[in-house]
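Undergrad: need the 3D shape of this:
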Amino acid sequence: MTRRRLLDRRSIESFDLWHGKHRAPFTVSIGRYADGKPAEAFISGAKAGSETEAITQDSAVLLSIALQYGVPLEVLGSAITRNGDGTAATIVGAVIDHMRQQP
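TA: Numbering: from 1, shown residues only. Have a look, this model is predicted:
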């Protein structure tokens, strides 16, 4: 497999996403290739220095690497943990679902 590198300058979409029992939203930024496909994700919003922050940031890095190696969003979306109602159990899963809904 070959990693598809990003340009130095790229389109980024930033938004707030509420998930779980957190009192404040997570801020999500999704970087895109020139063709509009998602290429990277940044997620912040957990308490600085917390284990949740570390896990969220590491998961965003892994998601970004998977996207750059061409793993389809459908594959990622079907692999994440889901709640009983079918919603994503984690903020990273919610970000994947958001990406899947975008054109």
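Undergrad: secondary structure class for Ile96?
TA: Following DSSP: H, G, I helix; E, B strand; the rest coil, Ile96 is assigned to helix.
Undergrad: need the pLDDT of His22.
TA: At His22, the pLDDT value in this model is 77.
Undergrad: what about it, how many residues nearby?
TA: 14 (other Cβ atoms under 10 Å). Where you see a C-beta, it was placed from the backbone N, CA and C, and this is true even at glycine.
Undergrad: one more: the one 10 residues further on?
TA: Other residues near Arg32 come to 18 when the count uses other Cβ under 10 Å.
Undergrad: how close does it get to Val75?
TA: Distance, Arg32 to Val75, by Cβ to Cβ, to the nearest Å: 19 Å.
Undergrad: wait, what's in contact with Asp85?
TA: Neighbouring residues of Asp85 by Cβ atoms under 8 Å, 6 or more residues apart in numbering: there are none.
Undergrad: ditto for the one 5 residues further on
TA: Taking Cβ under 8 Å, 6+ apart, we find Thr90 in contact with 19-20, 59, 80-81.
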